[in-house]
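Q: pasting the structure only:
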């Protein structure tokens, strides 16, 4: 996933072939960014496109905040947050949101857990009453916990253990980031750890991390600041301030392999062979690498974004070695992450031929300037995507929250057009040379059970 998708959640756009003239930093929409006395940070943005609000509550806790032997707690707690409080019964939270005509859900990642609601703007107080309640009054009893734990075990079996591609990706992340680094853990947790979760362990995790001074409330939509602030003070502001301040442990740089590592997974259920290639790259968390992050965003667009990308044209259209390709880069994790490439192979094509073409395209980026046409097309795709990505309150709320929990000023979204337009063709070649190195990263093969070790069958 590209950086501009992460900060803008873009939709499909029509790409112009000539560059936008002198893009400038955007003016911020009306917003307020403040912290309540109990430590809760609140970001409100006024976007009156429709009479709705997106309410996102982000907790600064994810899989990276777990301990070895206790993986999956953050994800398990996300499930428990819908199992009732002292005031709201099991499953009733979502039922109430539905009766308001809204929708809700949640997600857990390596760096965060967040809960979101989209609802009519006149129901803001009701939503925040529910969020304030489950921030402090969650009930974690043995029966509900055991039932939900079985649900999570089955989720892991269906989404990971029974899917060869998911198992390979899990292993790839571990090898790419280091087995002893939090980025090497699966968000859902290892099965043995999930089975061993206890009620008391879950209660402790909840009390430790679900607190006002470890959360960010983002509200975007049709709101007036003064009435909204009053509602926030009456609901979220009523959550007692913690007695001791919360300090999130610093996240170290992942333990990348010191040379290229090759892994493979064979399974009789594999019907389409796949190649993955990853390279360690920086993110916006460290301002010293900001120029490189924007250049990498242009690079990944040229290399792997859509049917006009270099990978697609070379592997699918020209050589007919693959029937699908992509390249992805996030750019806003709390630490360095992976720049990734993948290709789905046509049956009968030797894996080494596909790898040779991938390496050839990477080497071209390292040694040659991209054409003016490719460059202009990529810049315009990124700029147009950024504009369209702000078109819904959900997308904007997600982008603001995601950046904030990573420790990045969410207002970088306003400077994005100016910063990406400053990237030159020379910058694209420079970051390709710096990060897309053949002696770094991980090469992974997904293969049928009867393939040889080289994946040539």
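A: Sure thing, it's come through. Note that the structure is a prediction, hence the values are computed from the model and not measured.
Q: Quick one: residues contacting residue 279.
A: Shown in contact with residue 279 (C-beta atoms under 8 Å, 6 or more residues apart in numbering): 338-340, 435-437, 440-441. C-beta here means a position set from N, CA and C on the backbone, and glycine is covered the same way.
Q: What about those residues, which are in strands?
A: 338-340 (DSSP state E).
Q: nearest to residue 299, of those residues?
A: residue 339 (8.4 Å; C-beta to C-beta).
Q: name the helices or strands packed onto the strand or helix carrying residue 56?
A: According to DSSP states H and E, residue 56 maps onto strand 52-59. For strand 52-59, the packing partners by 3 or more C-beta pairs under 8 Å, 6 or more residues apart in numbering; DSSP states H and E come out as strand 113-120, helix 124-136, strand 215-221, helix 393-405.
Q: at 10 Å what do you get?
A: Judged by 3 or more C-beta pairs under 10 Å, 6 or more residues apart in numbering; DSSP states H and E, the packing partners of strand 52-59 are strand 41-46, helix 73-80, strand 103-108, strand 113-120, helix 124-136, strand 215-221, helix 393-405.
Q: Identify each buried residue in the third one, please.
A: Buried residues in strand 103-108, defined by neighbour count with 16 or more other C-beta atoms under 10 Å: 104, 108.
Q: Next up, the contacts around residue 87.
A: 129-130, 133-134, 137, 139 (C-beta atoms under 10 Å, 6 or more residues apart in numbering).
Q: I'd assumed it was in a strand, is it?
A: No. Residue 87: not assigned to a strand; according to DSSP: H, G, I helix; E, B strand; the rest coil it is coil.
Q: That one and residue 200: what is the separation?
A: Counting by C-beta to C-beta, to the nearest Å, the gap from residue 87 to residue 200 is 23 Å.
Q: Where does pLDDT dip in the stretch 251-400 of the chain?
A: Within the stretch 251-400 of the chain, no stretch has pLDDT under 70.
Q: where do the helices sit along it?
A: Taking DSSP state H, counting those that start in this stretch as the test, the helices found in the stretch 251-400 of the chain are 290-304, 310-311, 351-367, 372-389, 393-405.
Q: what two of the contacts of residue 279 have the greatest distance between them?
A: Longest span within these, C-beta to C-beta: 340 and 437, 14.7 Å.
Q: Who has more neighbours out of the two?
A: For residue 340 versus residue 437, the count of surrounding residues by other C-beta atoms under 10 Å is larger for residue 340: 24 against 14.
Q: so what's the more buried one up against?
A: Taking C-beta under 10 Å, 6+ apart as the test, what residue 340 contacts is 1, 169, 172, 176, 276-279, 281, 300, 304, 326-330, 441-442, 444.
Q: One more pass at 6 Å, please.
A: Going by C-beta atoms under 6 Å, 6 or more residues apart in numbering, residue 340 touches 278, 328.
Q: What's the separation between it and residue 230?
A: Using C-beta to C-beta, residue 340 is found at 46 Å from residue 230.
Q: How about residue 302?
A: For residue 302, the distance to residue 230 - C-beta to C-beta - is 49 Å.
Q: more neighbours, the two?
A: The neighbour comparison of residue 302 against residue 230 (other C-beta under 10 Å) goes to residue 302, with 25 against 13.
Q: Please name the nearest non-neighbouring residue to the more buried one.
A: Leaving aside its sequence neighbours, residue 302 sits nearest to residue 378 (C-beta to C-beta, 6 or more residues apart in numbering; 4.9 Å).
Q: ok, that neighbour - how many residues close by?
A: Neighbourhood size, residue 378 [other C-beta under 10 Å]: 26.
Q: I'd say it and residue 301 touch.
A: Yes. Here residue 378 reaches residue 301: they are 4.2 Å apart, a contact under C-beta atoms under 6 Å.
Q: picking that back up, for the helices and strands packed on strand 52-59, which one sits closest to residue 181?
A: The nearest among those, by C-beta to C-beta, is helix 73-80 at 16.1 Å.
Q: what helices or strands is that closest one leaning on?
A: Packed against helix 73-80, as judged by 3 or more C-beta pairs under 6 Å, 6 or more residues apart in numbering; DSSP states H and E, are the following elements: strand 103-108, helix 199-209.
Q: Swap in 10 Å and give it another go.
A: strand 52-59, strand 103-108, strand 113-120, helix 142-156, helix 191-196, helix 199-209.
Q: Next, the closest residue to residue 189 other than its chain neighbours: phi, psi?
A: Excluding the flanking residues, the one nearest residue 189 by C-beta to C-beta, 6+ apart is residue 72, at 1.8 Å. Recorded main-chain torsions at residue 72 are phi 90, psi 0, according to degrees, to the nearest 10.
Q: Residue 72 is in contact with residue 193, isn't it?
A: Yes. Here residue 72 reaches residue 193: they are 5.5 Å apart, a contact under C-beta atoms under 10 Å.
Q: Just to be sure, residue 447 is in a strand?
A: Yes. The assignment for residue 447, made by three-state DSSP, places it in a strand.
Q: what about it, distance to residue 264?
A: For residue 447 relative to residue 264 (C-beta to C-beta), the value is 6 Å.
Q: just residue 361 next, same as before
A: Applying C-beta to C-beta, the value for residue 361 to residue 264 is 22 Å.
Q: If you count surrounding residues, which of those two has more?
A: Remark: of residue 361 and residue 264, residue 361 carries more neighbours, 23 against 16, as counted by other C-beta under 10 Å.
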